[in-house]
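>>> This is a predicted model, with the sequence first.
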Amino acid sequence: MRMTLLLLSLFFTMLLTAQEARYGILLEQNISTVASAPHSLNAVGAAEAFRSRSSWNIGLVSLHPLSEHIAVQTSVVYSNKVVEAEWAGPADGPVEAVLHFGYLSLSPKLQVYLFDGLFVNAGPSLDIKIDTKLEQRGEYVSDRDEVSSSNALRFGAVCSAGFMVPLVNGVWLAPAVSYDLGMTNTNDAFGKRYSSVRAGVQVYFR
């Protein structure tokens with residue numbers, strides 16, 4: 001609880017004390033999502049790992065300069081992690097399961113500029129559950145259920161590397177690659193902790 005309050009306090013302090021801040025939008029693709037434990041869906045046979053499935057994140061970002069080479073980036077992002085699995089039940093035949101985790105992610109990061117627009121940043125993330133769905137498809141199975149046992153909060157750490165590219169009239173483009181490390185369980189029965197590699201672009205306006 002204290003960690004949650006600290007992250008929220010830091011996040012909104014950055015928004016309220018901004019000087020020469022830039023604001024923008026973010027669009028990312030989850031290239032790879034990995035669970036820390038196998039799924040428990042198999043009725044027979046050994047448990048197997050979930051396979052990654054591409055998904056998208058979208059949100060708002062802001063950049064608050066502290067000096068020429070250091071800034072604080074804050075973001076509010078709808079994060080949608082998706083994994084899938086296939087198995088054969090004793091009576092149901094082949095079944096495909098697709099698991100969706102939808103979270104609102106708050107993340108303040110310290111950003112350091114290295115040279116020629118190249119930057120790296122890192123910081124904590126707090127994810128608040130929006131929805132979690134389990135889709136199952138098969139000859140005798142077809143349903144979509146909420147995975148109610150998913151944790152309401154997820155804590156993690158995010159690091160990124162990218163380039164700041166000036167365009168026109170104060171508009172900046174920032175393509176970046178990120179790694180989101182899950183540090184607490186998302187769901188105890190379905191994969192536990194989730195981490196993902198993301199690639200995307202941020203567009204900043206002054």
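Nice, I can see it. Predicted, not measured: the structure shown is a model, and the values here were computed from it.
>>> in this structure, what spans have low per-residue confidence?
Residues of the chain that meet the criterion pLDDT under 70 lie in 1-19, 37-49, 87-93, 138-150, 188-191.
>>> Okay, and the beta partners of the residue most central in space within it?
Note on the chain: the residue nearest the mean C-alpha position is residue 79, at 4.6 Å, using C-alpha atoms, centre = their mean. Counting by DSSP bridges, residue 79 is bridged to residue 57, residue 103.
>>> How about residue 65?
Bridge pairing for residue 65 - DSSP bridges - gives residue 71.
>>> List the contacts of stretch 159-173.
22, 24, 109, 113, 117-122, 174-179, 201-206 (C-beta atoms under 8 Å, 6 or more residues apart in numbering). Any C-beta I mention is one placed from the backbone N, CA and C, and that applies to glycine too.
>>> looking at it, residue 99 is touching residue 133, isn't it?
Yes - look at residue 99 against residue 133 with C-beta atoms under 8 Å: they come within range, at 7.4 Å.
>>> quick one: the strands in this structure?
With DSSP state E, the ranges of strands along the chain come out as 22-35, 51-53, 55-65, 70-89, 93-113, 118-138, 142-146, 153-163, 165-166, 172-182, 194-205.
>>> so residue 154 touches residue 184, yeah?
Yes - Residue 154 is in contact with residue 184 according to C-beta under 8 Å; the separation is 5.7 Å.
>>> And those two? Which one has more around it.
residue 154 (25 against 12; other C-beta atoms under 10 Å).
>>> Who are the contact partners of that one?
If you count contacts by C-beta under 8 Å, 6+ apart, residue 154 has them with 103, 126, 127, 129, 182, 184, 186.
>>> bridging residues for it?
In this entry, residue 154 is beta-bridged to residue 127, by DSSP bridges.
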